[in-house]
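S.K.: Next one to model:
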Amino acid sequence: MTHVAFLDTVHEVLWDRLTAAGLHCVHAENTSRDDVLQGALSACTGLVLRSRIAVNSELLDALPNLKWVARSGAGLDNIDVAEAERRGVQIISSPEGNATAVGEHAVGQLLALLNKLVRADQHVRDGGWNREIHRGLELESRTVGIIGFGNMGQSFARCLRGFGCRVLAYDKYTSGFAGESGVEECQLDDLKRFADVVSLHVPLTTETRGMVDSKWLSEFDHPFFLLNTARGEVVKTRAILQALNTGILAGAALDVLEFEKQSLDGLTTRPAVLQDLLEHPNTVLSPHVAGWSKESYFKLSSVLADKILTYWV
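M.R.: Here you go, the predicted model:
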């Protein structure tokens, strides 16, 4: 019998569908990493998780019967995918489940930046009515560059179609998508030359960790707005702050921050550079919720159920 341990809380549709199909599911949301290492889940053939516990070679040693790991979400940075695959453990994720949420959230943050909505809202609440300093910018006349054209980048592109803006897309590992959702496929150098807005949709890997640093930012031809709904560690906070202060960046919308915990449920620390960023007027911030809509909470689990039941039942 297949034994499935739920290490994190997910929508109940996943539990319901797996148990209805005859899989034996157990609640392990309070099981610690040490518990797992001591053999608490040694009989399990499947794991369901988000980001609370990292799956590496040490943890896999304690799970000798494991056949698959289902990650509710898109990012796999808490899983040693290569090691799991070497052991014959299949990794299943559900980026299709929250792609719409991420795309819409990115557009929302972009519009907030261009139209100074956060500052304008606070200004009115404080009793002000200065219209001129809150004059906004139109998206239609601008060029948006998307870096990473997977599920999230494609969703963002679809959301932009009604605005009439030019959309460029670059993906180091994918090609042949020119024309999808109206995008122009391009090289990174061209994106850096033409983009007025840059939205990051890349996974966190050894290659992308710290990718957006001072050198990278300085390679753009003119000031631009930066969006990050991917992973916080892709972007160097100090480089962003310096670019905002020197005019290299016109603004930044960040749903993720460099100093997030591995579990993504808070910050590890609040250094001075982060505090300075929080106080900068040309920023819009949110607590890693771009893919965390009411609808995506259900869809993430539903997509996982489809995949698990297709391959393992």
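S.K.: Now do Leu137, the pLDDT please.
M.R.: In this model, Leu137 is scored at 98, pLDDT.
S.K.: Would you map the strands across the stretch 101-250 of the chain?
M.R.: Assigned by DSSP state E, counting those that start in this stretch, the strands in the stretch 101-250 of the chain fall at 143-147, 166-170, 184-185, 197-200, 224-228, 249-254.
S.K.: Save those strands as a markdown table, and put in mean neighbour count too.
M.R.: No exception for glycine: its C-beta is placed from N, CA and C like everyone else's. Output for the strands of the stretch 101-250 of the chain, formatted as a markdown table (neighbours: other C-beta atoms under 10 Å):
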| stretch | mean neighbour count |
| --- | --- |
| strand 143-147 | 25 |
| strand 166-170 | 23 |
| strand 184-185 | 17 |
| strand 197-200 | 26 |
| strand 224-228 | 25 |
| strand 249-254 | 23 |
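S.K.: can you redo the ones you listed as a markdown table with distance to Arg119 and mean pLDDT?
M.R.: Shown next, in a markdown table, are these (distance: least, C-beta to C-beta, whole Å; pLDDT from 0 to 100):
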| stretch | distance to Arg119 | mean pLDDT |
| --- | --- | --- |
| strand 143-147 | 22 | 98 |
| strand 166-170 | 27 | 98 |
| strand 184-185 | 32 | 98 |
| strand 197-200 | 18 | 98 |
| strand 224-228 | 15 | 98 |
| strand 249-254 | 11 | 98 |
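S.K.: will you turn these into TSV that also has distance to Leu267?
M.R.: As requested, the strands of the stretch 101-250 of the chain are exported to TSV (distance: least, C-beta to C-beta, whole Å):
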stretch	distance to Leu267
strand 143-147	25
strand 166-170	30
strand 184-185	36
strand 197-200	19
strand 224-228	15
strand 249-254	12
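S.K.: any idea how this protein splits into domains?
M.R.: Listed domain ranges for the chain are 3-93, 99-285 (source: automatic domain parsing).
S.K.: and of these, who's closest to Lys307?
M.R.: Closest to Lys307 of the domains of the chain is domain 3-93 (C-beta to C-beta; 5.0 Å).
S.K.: quick one: the nearest residue to Ala250 once chain neighbours are set aside from Arg238, how far?
M.R.: Leaving aside its sequence neighbours, Ala250 sits nearest to Pro223 (C-beta to C-beta, 6 or more residues apart in numbering; 4.4 Å). Separation of Pro223 from Arg238 (C-beta to C-beta, to the nearest Å): 18 Å.
S.K.: Please enumerate the helices of the chain.
M.R.: 12-20, 33-37, 57-61, 81-86, 95-114, 117-125, 151-160, 188-194, 214-218, 237-246, 272-278, 294-312 (DSSP state H).
S.K.: who's in contact with the spatially most central residue of the chain?
M.R.: With distances taken as C-alpha atoms, centre = their mean, Ala230 lies nearest the centre of the chain, 3.2 Å away. Ala230 sits next to Gly148, Met152, Leu200, His201, Val202, Pro203, Leu204, Thr208, Val256 when contact means C-beta atoms under 8 Å, 6 or more residues apart in numbering.
S.K.: distance of it from Glu58?
M.R.: For Ala230, the distance to Glu58 - C-beta to C-beta - is 27 Å.
S.K.: same question, Thr208
M.R.: According to C-beta to C-beta, Thr208 stands 24 Å off from Glu58.
S.K.: And those two? Which one has more around it.
M.R.: The neighbour comparison of Thr208 against Glu58 (other C-beta atoms under 10 Å) goes to Thr208, with 20 against 13.
S.K.: wait, doesn't the more buried one sit right on Val202?
M.R.: Yes: checked against C-beta atoms under 8 Å, the pair Thr208 and Val202 is within contact range at 4.9 Å.
S.K.: and Val198, what does it touch?
M.R.: So Val198 contacts Val144, Gly145, Ile146, Ile147, Leu191, Phe220, Phe224, Phe225, Leu226, Leu227 (C-beta under 8 Å, 6+ apart).
S.K.: okay but the third one is in contact with Leu168, surely?
M.R.: Think Ile146. Yes: the pair Ile146 / Leu168 is scored as a contact, 7.0 Å apart, by C-beta under 8 Å.
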